[in-house]
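Trainee: have a look at this prediction, sequence included:
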Amino acid sequence: MEQVFRIEGMHCGGCVNRVTKALKTIADEATVTLDPPQAVLSVEAPLPLDAVRAAVAKAGDYGVEAA
């Protein structure tokens, strides 16, 4: 299944790479884009928003909201 999250605070390709790497620790696949600023996660079971926020927090000061 796919889950989509809005990611706030990304400004460049480096941000995208850091967030992607962090999300791949909790999802099978993660596609992160700047425009729109979001992450699309491929997962077997839905991930709680808090788990996604915790993973992204390890990459930097980014905000995460369900899309």
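Mentor: That came through fine. Numbering: from 1, shown residues only.
Trainee: and the lengthiest strand in the chain, what does it pack against?
Mentor: The strand that spans the most residues within the chain, counting by DSSP state E, is strand 2-8. Applying 3 or more CB pairs under 8 Å, 6 or more residues apart in numbering; DSSP states H and E, one finds that strand 2-8 contacts strand 38-42, helix 49-57, strand 63-66. The C-beta positions use only the backbone N, C-alpha and C, and glycine is treated the same way.
Trainee: the helix or strand just after that strand versus strand 2-8: what angle between them?
Mentor: The element immediately downstream of strand 2-8 (helix or strand, assigned by DSSP states H and E) is helix 13-23. Computed by axes from the mean of the first three to the mean of the last three CA atoms, to 10 degrees, the angle separating helix 13-23 from strand 2-8 equals 140 degrees.
Trainee: paired strands for the next helix-or-strand element following helix 13-23, with orientation please.
Mentor: Following helix 13-23 in sequence order, the next helix or strand is strand 29-33 (DSSP H and E). Strand pairing for strand 29-33, determined by DSSP bridges: strand 38-42 (antiparallel).
Trainee: separation between the residue nearest to Thr33 when sequence neighbours are not counted and Val43?
Mentor: Among residues not flanking Thr33 along the chain, Val16 sits closest, at 7.1 Å (CB to CB, 6 or more residues apart in numbering). According to CB to CB, to the nearest Å, Val16 stands 19 Å off from Val43.
Trainee: coming back round to it: mean pLDDT added to the helices and strands packed on strand 2-8, as JSON lines?
Mentor: Listed next are the helices and strands packed on strand 2-8 as JSON lines, based on pLDDT from 0 to 100:
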{"stretch": "strand 38-42", "mean pLDDT": "98"}
{"stretch": "helix 49-57", "mean pLDDT": "98"}
{"stretch": "strand 63-66", "mean pLDDT": "97"}
